[in-house]
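Participant: what shape does this take:
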Amino acid sequence: MLDKPKLTRPAKAQDEEEQRPQGQTRPLEERFHLRVDGQMKRSFQTKQAALTAGSVVKKNFPIVVVTVLDSQDGSTEVVGG
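Facilitator: You can find the predicted model right below:
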């Protein structure tokens, strides 16, 4: 039987790694997370900004469950419509 060739990655220069496309990098995670039906949608620096965005979503789509999660203390607040 023939041996399978081993796949190796070519060595990358440090400049190549720093020049990744913007869409390929992970976005910064802020303290407050907006969740719609259990799925994370966005993160915000302030609770008020997250609640405002959540109330807009809840107003446009009243059937979904919108919550704001505080990632530091683990508390969750349901956004009412």
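Participant: which helix in the chain runs the most residues?
Facilitator: Under DSSP state H, the helix in the chain containing the largest number of residues is helix 47-60.
Participant: contacting residues around that helix?
Facilitator: Identification of contacts with helix 47-60 by C-beta atoms under 8 Å, 6 or more residues apart in numbering yields 32-34, 36, 41-44, 64, 66-68, 70, 77, 79-81. Backbone N, C-alpha and C define where each C-beta goes, glycine included.
Participant: which of the residues you listed count as buried?
Facilitator: 32-34, 36, 42-44, 66-68, 79 (16 or more other C-beta atoms under 10 Å).
Participant: which among those gets closest to Arg9?
Facilitator: Ranked by distance to Arg9 (C-beta to C-beta), the buried ones among the contacts of helix 47-60 are led by Ser43 at 32.3 Å.
Participant: once you drop chain neighbours, what's closest to the closest one?
Facilitator: Nearest residue to Ser43 in three dimensions, chain neighbours excluded: Glu30, at 3.9 Å (C-beta to C-beta, 6 or more residues apart in numbering).
Participant: wait, what's in contact with that neighbour?
Facilitator: 43-45.
Participant: where along this protein do the helices fall?
Facilitator: Using DSSP H, helices in the chain cover 14-18, 47-60.
Participant: same list, the ones you listed, but as CSV with mean pLDDT and distance to Leu7 please.
Facilitator: Below are these laid out as CSV (pLDDT from 0 to 100; distance: least, C-beta to C-beta, whole Å):
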stretch, mean pLDDT, distance to Leu7
helix 14-18, 57, 19
helix 47-60, 95, 44
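Participant: which of those helices sits most buried?
Facilitator: Among the helices of the chain, helix 47-60 has the highest mean neighbour count (mean count of other C-beta atoms under 10 Å), at a mean of 16.
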